[in-house]
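Asks: With the sequence up front, the predicted model follows.
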Amino acid sequence: MGSDAIERVVVLRHPVERVWAALTTAEGLSRWFGSVAEIDLRPGGRAFFRWDDLGDQSVATIVVVDPPRRFAFRWAIEGLPEDDAPRTLVDFTLEPIPDGTRLRLVESGFAQAAADVARSAHQANSQGWDAELADLETYLDAAA
């Protein structure tokens, strides 16, 4: 596998507080990230995501809550059982810029899994983040 991490940087034409709310509230997450989202926004809290169109769901553990700059959670590597799987770290960093917010996403830790599983999960999540971040931008633009 070429990389243990997925990195994306997106410039959003919205204030950091709006982007933060989209990332860290059940309402915001349900509008762009999953069909249904629940979140207990505190370190050690749980987040639940369900994608009805994919017939998939995931549970994450919140690791970092530093409003409105940084939000991170861990979730199971796709293709492995939820309960006893190695977990990747999904880390969002927000930076206010003159035209809005620079969002940096890094998901790391794929190398904990066997090479074939890691490669498959990295590819699936890489494509997934491209689609989800486009959905985030669409959601924020529509809500403006």
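Replies: That came through, no problem.
Asks: per-residue confidence at the spatially most distant residue from the centre of the chain?
Replies: Computed with Cα atoms, centre = their mean, the maximum C-alpha offset from the centroid of the chain is found at residue 98, amounting to 24.2 Å. Note on residue 98: pLDDT of 96.
Asks: From the contact counts, what lies against the lengthiest helix in the chain?
Replies: Secondary structure of the chain per DSSP state H: the longest helix is helix 115-143. For helix 115-143, the contact count by 3 or more Cβ pairs under 8 Å, 6 or more residues apart in numbering; DSSP states H and E identifies strand 5-12, helix 16-24, helix 26-32, strand 100-108 as packing neighbours. From N, CA and C alone the C-beta is placed, and that goes for glycine too.
Asks: Make a markdown table from these and add mean neighbour count and distance to residue 124 to it.
Replies: Converted to a markdown table, the helices and strands packed on helix 115-143 look like this (neighbours: other Cβ atoms under 10 Å; distance: least, Cβ to Cβ, whole Å):
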| stretch | mean neighbour count | distance to residue 124 |
| --- | --- | --- |
| strand 5-12 | 16 | 10 |
| helix 16-24 | 19 | 21 |
| helix 26-32 | 18 | 18 |
| strand 100-108 | 18 | 11 |
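Asks: Just put these in a markdown table and tack on distance to residue 49.
Replies: Shown next, in a markdown table, are the helices and strands packed on helix 115-143 (distance: least, Cβ to Cβ, whole Å):
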| stretch | distance to residue 49 |
| --- | --- |
| strand 5-12 | 17 |
| helix 16-24 | 12 |
| helix 26-32 | 7 |
| strand 100-108 | 14 |
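Asks: Out of these, which is closest to residue 54?
Replies: Ranking those by proximity to residue 54 (Cβ to Cβ) places helix 26-32 first, at 14.6 Å.
Asks: Work out the gap between that closest one and the centre of the chain.
Replies: With Cα atoms, centre = their mean, to the nearest Å as the basis, helix 26-32 stands 12 Å off its chain's centre.
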